Structure formats: structure tokens, C-alpha cells
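Colleague: Coordinates only, no sequence provided:
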């Protein structure tokens, strides 16, 4: 069985590579993204706009 990936949105707010993303089941519409030791960007995951 072959799986395919589909782009659902773009995380904005970092100048370089995003090295980690995290979610929390308590807040399913929030995504935290980190790059090079800086975890300061939160994204609201609503209607495909992240």
C-alpha cells in the first residue's frame, strides 16, 4: 500500500528551518513550532490557514 502526503498549510514566522512542531490534545487547534532552540511561534490551525 502506498501513502501520499498532501500539503495542508504553511507555517509562517520563522526565518530558517522549522526543527520541531508540537500539538496538545487539550488544544487541538494550536500548533507550536520551534527552530534552532527558539520555540516562540504559535499557530492557529483553522480552515487550513496555519
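Modeller: Good, I have the coordinates. In this text the structure is predicted, and so the values were computed from the model without any measurement.
Colleague: From the contact counts, what lies against the helix or strand encompassing residue 33?
Modeller: Using DSSP states H and E, the element containing residue 33 is strand 27-35. Packing partners of strand 27-35 (3 or more C-beta pairs under 8 Å, 6 or more residues apart in numbering; DSSP states H and E): strand 20-24, strand 38-44. Just so you know, the C-beta spots here come from the backbone N, C-alpha and C atoms, and that holds for glycine as well.
Colleague: could I get the ones you listed as TSV with mean neighbour count?
Modeller: Shown next, in TSV, are the helices and strands packed on strand 27-35 (neighbours: other C-beta atoms under 10 Å):
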stretch	mean neighbour count
strand 20-24	11
strand 38-44	13
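Colleague: What confidence value was assigned to residue 45?
Modeller: pLDDT recorded at residue 45 is 68.
Colleague: now swap in residue 26 and tell me
Modeller: 91.
Colleague: try residue 13
Modeller: Predicted confidence (pLDDT) for residue 13: 77.
Colleague: returning to that earlier point: give the buried residues for the strand holding residue 33.
Modeller: 31, 33, 35 (16 or more other C-beta atoms under 10 Å).
Colleague: any idea which of those is the one closest to residue 17?
Modeller: residue 35 (5.9 Å; C-beta to C-beta).
Colleague: so what's that closest one up against?
Modeller: 14, 15, 16, 17, 18, 19, 20 (C-beta atoms under 8 Å, 6 or more residues apart in numbering).
Colleague: redo that, cut-off 6 Å
Modeller: 14, 16, 17, 18, 19 (C-beta atoms under 6 Å, 6 or more residues apart in numbering).
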